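Novice: Here is a sequence together with a model predicted from it:
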Amino acid sequence: MTTTTLAVLVPLLPFLGAAAGLLLGRTAPGFVRPLAVLPPLASLVTAALVAVRQGGGPALDAHTELTPTGSVPVELALHIDGFAALVAILVAFVASCVQIYSTGYLRNDPRYPSYAALVSLFTSAMLLVVYSGDLIVLLVGWEVMGICSYFLVGHYWETPEARAASLKAFLVTKLGDVPFLIGLFALATDAGSFRVTSVLGTVASGGLHHPTLVALLLLAGVAGKSAQFPLHTWLPDAMAGPTPVSALIHAATMVAAGVYFVARLLPVFEASGAAMLVLAVMAAVTMTGSGLAALAQDDIKRVLAYSTIGQLGYMTGALAVGDRGAAVFHLLSHGAFKALLFLAAGVVIHAAGTNSLAAMSRMRGLRDRVPDAYWTMTVALLALAAIPPFSGFFSKESVLGAAEHAAGGHTAHVPGAAGRLVFVAGLITAVLTAAYATRLWLLAFHGRGAEAPDHGRQPPAMTVVLWVLAIPSLAFGGLAYRALPGWFDGRSLAPTALTSVLGTGLAVVGGLLTYGVWQRTTRNLVSPPLGAVAAHPGADAGRVEAEAIATHTPAYGDIAYAPDPADPGRVLLGPLHRHAAVGFHLDAVYDALFVRPVRAGASLVRFLDREVVDTYVGAAGALPRLLGAAVRRAQTGNVQTYVSALLAGTVVLAVAVVLVATGA
């Protein structure tokens, strides 16, 4: 079988699994789980074979015209280089883990067949984005992911939080997709083709007429899809969906698509120094702002959501300093430990059974009750905090090393200011990341809330997946930084002495400071009893989460939990805590600037339609109705009346004729 055929099968297999799952979900429920698990596993094996054959060598290109357009052709094209080959393995690997985990997590969910099919379709769409060599075909996968996220985030559609979150995710990402689409058309107009290779060739020859405008239009879509400032607000709210969906979105699909797109078309952005500076500012604000917000969240999944936003900021920061190898290295590393963090959080949520969805202030005694989640999540948090030798250390240091190099003005097409901005923001974020990772570990596993009823042991499908993901979270970085340059652009990904000392030192300071504050605040404190949701032993984890969402009365972002006096985040942030807890009121700003004016405009249009337009339309119909009523009254059916009227009319006409004649 040729490499091209294998590459076609990689996105096709999950798509066929999704179609079969939807068709057989009701008629043959016994096939649902095999159809959920086997296609992504087969896709993973196929993607690995494609990567072995590609081997980091010259890109594999294959194309055929999809449809004649009369102008710019649309082609079904493949473009597989080292970046695409490795990212495809990540997507298939995480999707396989999520599907296996979901067989236990949602084993009693009545909507599991449609859920599993949508996850497979989500996976197929992301793989299409990764392998596509044509921007229009890439756009198809891009948009399919958007609609899949809408349905999956709203899986628990009975709850208002899930409905609002799914709608918000869809609308915010579409807000970025409109300029993104315009940018793609502008790019193809200059290149005369939607082919990625043709576009890059046009950029290399200087044929891009408006590089800054095109790059900024494309960045709007990237900011929406990859949850970067200022279009990041949908991602924390998307935690209303099932936890495995959060793992898939945060680790391998959706948010990774924007970073991957910029990495693939980085020369387009490098053609404009202004665009690179905007990208650096976006990355710096995203990193630092999300780190502060994560330190103030009580919901364990919202902490991880803001963490994803910050880590994506590292990736866009690497792209802003012109090093796509470092960006994709961190994308691969982050995919493993972030999937582990979310799936372990699902176990924690089930064990805690909190009635505020996943409030860490209400957790207690979980270390001994969920040892698998405790140890694997500890590994993932150390990777997130970039502590050596865990994988996050090597990938984060590659980003800081690239920023340090660019800060000295040694990187072509990159302003030195962009490098300095990313470098400083990256160091600040290193402190914040270690602080909120330590806080999460302390509150979740050593917290002082009310101990929830024991829900029994987790299904093996869930715990096995945690240990599988723990392996790359621990070992991937140390093995990959030597091998990956050959798959990427050849630039070294090895940690430098300066960034390693600074980054690790600051991370250790952030962790120790948080631990010290926690110890001081917990000394001599007696925890008050807090309520929890009871569930029988062996309860379905997905149902526990659904019940938790259903009982979470306030909207996401509201401060509805009882303040924990032992929360180190409140002490570390001080007066900033209340603002960071609600995402620095960005949702309120958007509500004032956009939502309320749109609603006011809609109300005005409705008033004009009902009170003005309908009045004129009604009046225009009323006059003919009145005339018709008058004529209808004259139609009595009495012949004598008709003859009398005829004679009277004749007399009147005769008199009129006589009068006219006499007057003449």
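Specialist: Yes, it's here.
Novice: C-terminal to the longest helix belonging to the chain, what's the next element?
Specialist: Counting by DSSP state H, the longest helix found in the chain is helix 160-191. Sequence order places helix 196-204 as the next helix or strand after helix 160-191, per DSSP states H and E.
Novice: Who are the packing partners of the longest helix of the chain?
Specialist: Judged by 3 or more CB pairs under 8 Å, 6 or more residues apart in numbering; DSSP states H and E, helix 160-191 is in contact with helix 135-153, helix 196-204, helix 211-225, helix 234-237. Bear in mind the C-beta positions are built from the backbone N, C-alpha and C, glycine included.
Novice: What strand or helix carries Ala77?
Specialist: Going by DSSP H and E, Ala77 is part of strand 74-80.
Novice: Could you give the average pLDDT over that strand?
Specialist: Average pLDDT, strand 74-80: 92.
Novice: And for stretch 198-212?
Specialist: 93.
Novice: on that earlier part again, mean neighbour count and distance to Thr286 added to the helices and strands packed on helix 160-191, as CSV?
Specialist: As requested, these are exported to CSV (neighbours: other CB atoms under 10 Å; distance: least, CB to CB, whole Å):
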stretch, mean neighbour count, distance to Thr286
helix 135-153, 22, 19
helix 196-204, 19, 26
helix 211-225, 23, 9
helix 234-237, 26, 11
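Novice: Can you lay out the ones you listed as TSV showing distance to Val172?
Specialist: Listed next are these as TSV, based on distance: least, CB to CB, whole Å:
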stretch	distance to Val172
helix 135-153	10
helix 196-204	27
helix 211-225	6
helix 234-237	4
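Novice: now for those helices, which one comes closest to Ala318?
Specialist: Closest of the helices and strands packed on helix 160-191 to Ala318 is helix 211-225, at 13.8 Å (criterion: CB to CB).
Novice: by contact count, what packs against that closest one?
Specialist: helix 135-153, helix 160-191, helix 255-264, helix 266-270, helix 273-294.
Novice: what about 10 Å?
Specialist: helix 135-153, helix 160-191, helix 255-264, helix 266-270, helix 273-294, helix 300-320 (3 or more CB pairs under 10 Å, 6 or more residues apart in numbering; DSSP states H and E).
Novice: what is the orientation angle of the strand holding Ala77 with helix 196-204?
Specialist: Calculated by axes from the mean of the first three to the mean of the last three CA atoms, to 10 degrees, strand 74-80 forms an angle of 80 degrees with helix 196-204.
Novice: Of the helices and strands packed on helix 211-225, which stretch is the most buried?
Specialist: helix 300-320 (a mean of 28; mean count of other CB atoms under 10 Å).
Novice: what is the rounded mean pLDDT of that one?
Specialist: Per-residue scores along helix 300-320 average to 96.
Novice: what's the distance between that helix and the middle of its chain?
Specialist: 11 Å (CA atoms, centre = their mean, to the nearest Å).
Novice: what's the next secondary structure element after that helix?
Specialist: Scanning onward from helix 300-320 (DSSP H and E), the first element met is helix 324-352.
Novice: pLDDT weak spots in the stretch 251-400 of the chain?
Specialist: In the predicted model, the stretch 251-400 of the chain carries pLDDT under 70 at residues 353-358.
Novice: 50 instead?
Specialist: 355-357 (pLDDT under 50).
Novice: Give me the angle between the longest helix of the chain and helix 255-264.
Specialist: 20 degrees.
Novice: what are the phi and psi angles of Ser132?
Specialist: Per-residue torsions, Ser132: phi -70, psi 140 (degrees, to the nearest 10).
Novice: For Leu474, find the nearest of the helices and strands packed on helix 211-225.
Specialist: helix 300-320 (17.4 Å).
Novice: do you know how far the closest residue in space to Val199 that isn't next to it in sequence is from Val178?
Specialist: With CB to CB, 6 or more residues apart in numbering as the criterion, Val199 has its nearest non-adjacent residue at 4.6 Å, and that residue is Ala191. Separation of Ala191 from Val178 (CB to CB, to the nearest Å) stands at 21 Å.
Novice: and if you look at Val8?
Specialist: Val8 sits 31 Å away from Val178, going by CB to CB.
Novice: So what's the residue count around Asn638?
Specialist: 9 (other CB atoms under 10 Å).
Novice: Now the element after the helix or strand bottoming out on mean pLDDT in the chain, going C-ward?
Specialist: When each helix and strand of the chain is scored by mean pLDDT, DSSP states H and E, helix 541-550 comes last, with a mean of 65. Per DSSP H and E, the first helix or strand lying C-terminal to helix 541-550 is helix 568-573.
Novice: How far off centre is that next one?
Specialist: 28 Å.
Novice: can I get the CA coordinates of it in PDB?
Specialist: Provided in PDB are the C-alpha atoms of helix 568-573 (Å, rounded to 0.1, in the frame of the first residue of the first chain):
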ATOM      1  CA  PRO A 568      -3.300  30.200  48.700                       C
ATOM      2  CA  GLY A 569      -4.600  31.900  45.500                       C
ATOM      3  CA  ARG A 570      -6.600  34.400  47.500                       C
ATOM      4  CA  VAL A 571      -3.500  35.400  49.500                       C
ATOM      5  CA  LEU A 572      -1.100  35.500  46.500                       C
ATOM      6  CA  LEU A 573      -3.400  37.600  44.400                       C
END
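Novice: which residues touch the residue lying closest to Phe476 once chain neighbours are set aside?
Specialist: Leaving aside its chain neighbours, Phe476 sits nearest to Ser391 (4.3 Å; criterion: CB to CB, 6+ apart). By CB atoms under 10 Å, 6 or more residues apart in numbering, the contact list for Ser391 reads 329-330, 332-334, 336-337, 379-380, 382-384, 471-481.
Novice: Would you list the buried entries among the residues you listed?
Specialist: By neighbour count, with 16 or more other CB atoms under 10 Å, the contacts of Ser391 hold 329-330, 332-334, 336-337, 379-380, 382-384, 472-474, 476-477, 480-481 as buried.
Novice: where does the stretch 551-664 of the chain dip in pLDDT?
Specialist: Those would be 552-562, if you go by pLDDT under 50 across the stretch 551-664 of the chain.
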